[in-house]
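**Student:** predicted model follows, preceded by the sequence.
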There are 2 protein chains.
Amino acid sequence: MKYRLGIDLGGTSAKLAIVNQKRKIIREASFSTAGRPRPGNVIAAVGNRFRRMTSDLSVERVGVGVAGDIDFEHGVIRFSPNLGWKNVPFRKLLSKKIKKKVVVDNDANVAALGLYRTQAPRTVRHMIAVTLGTGVGGGVVLNGEVYRGATGSAGEIGHMVVERGGRRCNCGNRGCLETYAGGYYLARFARLRLKKGKDITPLTLDQAARKGDRFARSLWETAGRMLGQALGDLIYLLNPQMIYLTGGVAKANDLLLRPLRKELSMRTLTVPLRAVDIRIARESAHIGVLGASFL
Amino acid sequence: MKYRLGIDLGGTSAKLAIVNQKRKIIREASFSTAGRPRPGNVIAAVGNRFRRMTSDLSVERVGVGVAGDIDFEHGVIRFSPNLGWKNVPFRKLLSKKIKKKVVVDNDANVAALGLYRTQAPRTVRHMIAVTLGTGVGGGVVLNGEVYRGATGSAGEIGHMVVERGGRRCNCGNRGCLETYAGGYYLARFARLRLKKGKDITPLTLDQAARKGDRFARSLWETAGRMLGQALGDLIYLLNPQMIYLTGGVAKANDLLLRPLRKELSMRTLTVPLRAVDIRIARESAHIGVLGASFL
């Protein structure tokens, strides 16, 4: 039996999983990465878990998914705001430590690959995953493979401009999709408007909307419509068969999907619109480690 | 020596060219397609030229580029407004006539392929061609190959929405890029505003702007900025190495490029922005037939 190790490296925790050829997780581990740990400490902790997890089996290769700007080709973490890292040659460090081939990619690509291999029907060759978390990201699978572009930057859906001169984004521009559909901005916008309630989150906004709160409903309406506009452009450009929405904000489900579909109904090129199936991905805590193991 | 035949089938004329292995045109022909000819007549005319052009040499395969909605997989012209054709099985008809393997694709894909093979540096693997003609189209080359998507509809750049609720487009939606940067709309918008001058074309608008005409300048400014916005989204999504602007409207050159770059300077993800080279394609009357011959 051949095994792979998938690592999902986030700003809160690192998850590790040994995956077999049938794409099943047979062993798991994790450790905290809170408080912006030094790369050396994370490498040591991974090495530690790796030794214990593979004492009685042999792992072929190791895939790592990291939130941030990743140089896939060289396995360098160019910038990870959550970890507070800049230009960390993670592949080199880790492969030296564990003597295995290591591949490093960003979390959206890894999520796309995970969804592609575990949820998408077999006939799908072109698929996009939109990760609606604190921020908005995207992973693009074309011809059955993750498409990364010239510098591994492809799929930056969150900073597509959906409203010229619109809401100010932390990236420095205005009107980015993320400022309408990202969890951070949804909650922040609600807090500013309501001038109270530190405990506003996408989840409480979801609950408020379902109880009939008008303001909360309008926030979801806007989020869904803006997401629909970005997806419309994406569908025209890439003519995919599937688009998965995933991440915490995607749990709003119909609150997001209804305005999204209303927005898409304004588009008129029927061939690509009919070809695509847009849905909320099935929830799974393991998409990150599974996707990483498929790298 | 192996030869290929490229056919550029437009609403005004059909151009044919025999291309050798060195990508040089060694023989040309053409005939009129004005007045919405019947498919059978066009097939007969192509067969005619084909016999004469290949009397002393053997052609391996034939590629056809057609403006319109093309089903690449089945070689069917789903809809070509210029020719007035709907659901014409062009590949089947032509291959029956000339007993050769025939491939049919849309003109933007063909232009992209032509530019990719004749103008792009060899190191380029990911390239986008934006055709700025009467309308706005796009061809996408990823990993060195034309990317067509699930139904051959990929690259519909002209109907990306660059301004929510903006100018009304013939497609039925509002704010499509084409309504700001397409030759038809540029001229129409100028005519409406000036309430005179049937002879307004992108060319006369170019000349007026260069003479300092404020209104003409503002039209190009808007066209360039809207194009810049669409390209910004495209760069974030696909992280290409090159973007070529081609077609009649692209001749405005700096009138378009200056506001385009100004718009792009508002984007902040420097890695993909630095990776891309945006330029006007070198003019060539042969990109269509060459691109078709490479299909």
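**Tutor:** Nice, thanks for sending it over.
**Student:** now do the contacts for A:Ala230.
**Tutor:** Residues counted as contacts of A:Ala230 (Cβ atoms under 8 Å, 6 or more residues apart in numbering or on different chains) are A:Ile157, A:Met160, A:Val162, A:Leu177. For glycine as for every other residue, the C-beta is placed from the backbone atoms N, C-alpha and C.
**Student:** and the host helix or strand of it, how far from the chain's centre?
**Tutor:** Using DSSP states H and E, A:Ala230 sits within helix A:214-238. Distance of helix A:214-238 from the chain centroid (Cα atoms, centre = their mean, to the nearest Å) equals 17 Å.
**Student:** would you mind measuring from the nearest residue to A:Ala67 once chain neighbours are set aside to chain B?
**Tutor:** Nearest residue to A:Ala67 in three dimensions, chain neighbours excluded: A:Asp107, at 4.5 Å (Cβ to Cβ, 6 or more residues apart in numbering or on different chains). For A:Asp107, the distance to chain B (Cβ to the nearest Cβ, to the nearest Å) stands at 16 Å.
**Student:** wait, A:Asp107 touches A:Gly138, no?
**Tutor:** No. Counting by Cβ atoms under 8 Å, A:Asp107 does not reach A:Gly138; the two are 10.9 Å apart.
**Student:** hey, what's in contact with both of the two?
**Tutor:** Joint contacts of A:Asp107 and A:Gly138 (Cβ under 8 Å, 6+ apart) are A:Thr131.
**Student:** contact partners for A:Gly137?
**Tutor:** So A:Gly137 contacts A:Asn106, A:Asp107, A:Ala108, A:Val130, A:Thr131, A:Gly155, A:Glu156, A:Ile157, A:Gly158 (Cβ under 8 Å, 6+ apart).
**Student:** run through the bridge partners of it.
**Tutor:** Residues in a beta bridge with A:Gly137, per DSSP bridges, are A:Thr131.
**Student:** between the two ends of stretch A:175-185, how far is it?
**Tutor:** Between the opening and closing residues of stretch A:175-185 there is a gap of 12 Å (Cα to Cα, to the nearest Å).
**Student:** chain center to the lowest-mean-pLDDT helix or strand in chain A: distance?
**Tutor:** Across the helices and strands of chain A, mean pLDDT, DSSP states H and E gives its lowest value to helix A:183-194, namely a mean of 86. Helix A:183-194 sits 21 Å away from the centroid of its parent chain (Cα atoms, centre = their mean).
**Student:** now do that helix: everything it contacts.
**Tutor:** A:132-135, A:167, A:169, A:178-180, A:197-198, A:200-202, A:205, A:215-216, A:219, A:223, A:247-249.
**Student:** what's the angle from the helix or strand where A:Leu255 lies to helix A:214-238?
**Tutor:** Under the criterion of DSSP H and E, A:Leu255 resides in helix A:254-264. Angle, helix A:254-264 to helix A:214-238, by axes from the mean of the first three to the mean of the last three Cα atoms, to 10 degrees: 50 degrees.
**Student:** what comes up buried for helix A:254-264?
**Tutor:** Buried residues in helix A:254-264, counted by 16 or more other Cβ atoms under 10 Å in any protein chain shown: A:Leu255, A:Leu256, A:Leu257, A:Pro259, A:Leu260, A:Glu263, A:Leu264.
**Student:** and it with chain B, contact?
**Tutor:** No. Helix A:254-264 stays clear of chain B (Cβ under 8 Å from any Cβ of the partner chain), getting no nearer than 9.5 Å.
**Student:** now do that helix: which elements does it pack against?
**Tutor:** In terms of contacts (3 or more Cβ pairs under 8 Å, 6 or more residues apart in numbering or on different chains; DSSP states H and E), helix A:254-264 is packed against helix A:202-210, helix A:214-238, strand A:277-280.
**Student:** one more pass at 6 Å, please.
**Tutor:** Here helix A:254-264 touches helix A:214-238, going by 3 or more Cβ pairs under 6 Å, 6 or more residues apart in numbering or on different chains; DSSP states H and E.
**Student:** quick one: the residue of chain A positioned farthest from its centre from A:Leu16, how far?
**Tutor:** When distances are taken from the C-alpha mean of chain A, A:Asp56 lies farthest, 32.5 Å away, according to Cα atoms, centre = their mean. A:Asp56 sits 16 Å away from A:Leu16, going by Cβ to Cβ, to the nearest Å.
**Student:** the residue nearest the centre of chain A is in what secondary structure piece?
**Tutor:** Centrality entry for chain A: nearest residue to the mean C-alpha point is A:Ala108, 3.4 Å, by Cα atoms, centre = their mean. A:Ala108 belongs to helix A:107-118 when elements are defined using DSSP H and E.
**Student:** and that helix, how far out from the chain's middle?
**Tutor:** 8 Å.
**Student:** quick one: contacts of that helix?
**Tutor:** By Cβ atoms under 6 Å, 6 or more residues apart in numbering or on different chains, the residues outside helix A:107-118 that reach it are A:65, A:67, A:127, A:129, A:131, A:137-139, A:141, A:146, A:155, A:244, A:281, A:287, A:290-292, A:294.
**Student:** now do the contacts for the residue lying closest to A:Gly6 once chain neighbours are set aside.
**Tutor:** Leaving aside its chain neighbours, A:Gly6 sits nearest to A:Ser293 (3.0 Å; criterion: Cβ to Cβ, 6+ apart). Taking Cβ under 6 Å, 6+ apart as the criterion, A:Ser293 is in contact with A:Arg4, A:Gly6, A:Val19, A:Gly63.
**Student:** how far away is A:Ser293 from chain B?
**Tutor:** Taking Cβ to the nearest Cβ, one finds A:Ser293 at 24 Å from chain B.
**Student:** and that residue, what helix or strand is that in?
**Tutor:** With DSSP H and E as the criterion, A:Ser293 is inside helix A:287-294.
**Student:** what does A:Ser284 give?
**Tutor:** Going by DSSP H and E, A:Ser284 is not in any helix or strand.
**Student:** count of neighbours near A:Ile26?
**Tutor:** Close neighbours of A:Ile26, defined as other Cβ atoms under 10 Å in any protein chain shown, add up to 13.
**Student:** relative to chain B, which residue of the stretch 1-150 of chain A is the closest?
**Tutor:** Closest to chain B within the stretch 1-150 of chain A is A:Gly149: 2.5 Å, counting by Cβ to the nearest Cβ.
**Student:** now that residue, nearest residue through space, not along the chain?
**Tutor:** Per Cβ to Cβ, 6+ apart, closest to A:Gly149 is B:Asn239, 2.5 Å.
**Student:** buried sites along stretch A:205-218?
**Tutor:** Under 16+ other Cβ under 10 Å, the buried positions of stretch A:205-218 are A:Leu205, A:Asp206, A:Ala208, A:Ala209, A:Ala216, A:Arg217.
**Student:** of all the residues you listed, which comes closest to chain B?
**Tutor:** The shortest gap between chain B and any of the buried residues of stretch A:205-218 belongs to A:Arg217, at 19.7 Å (Cβ to the nearest Cβ).
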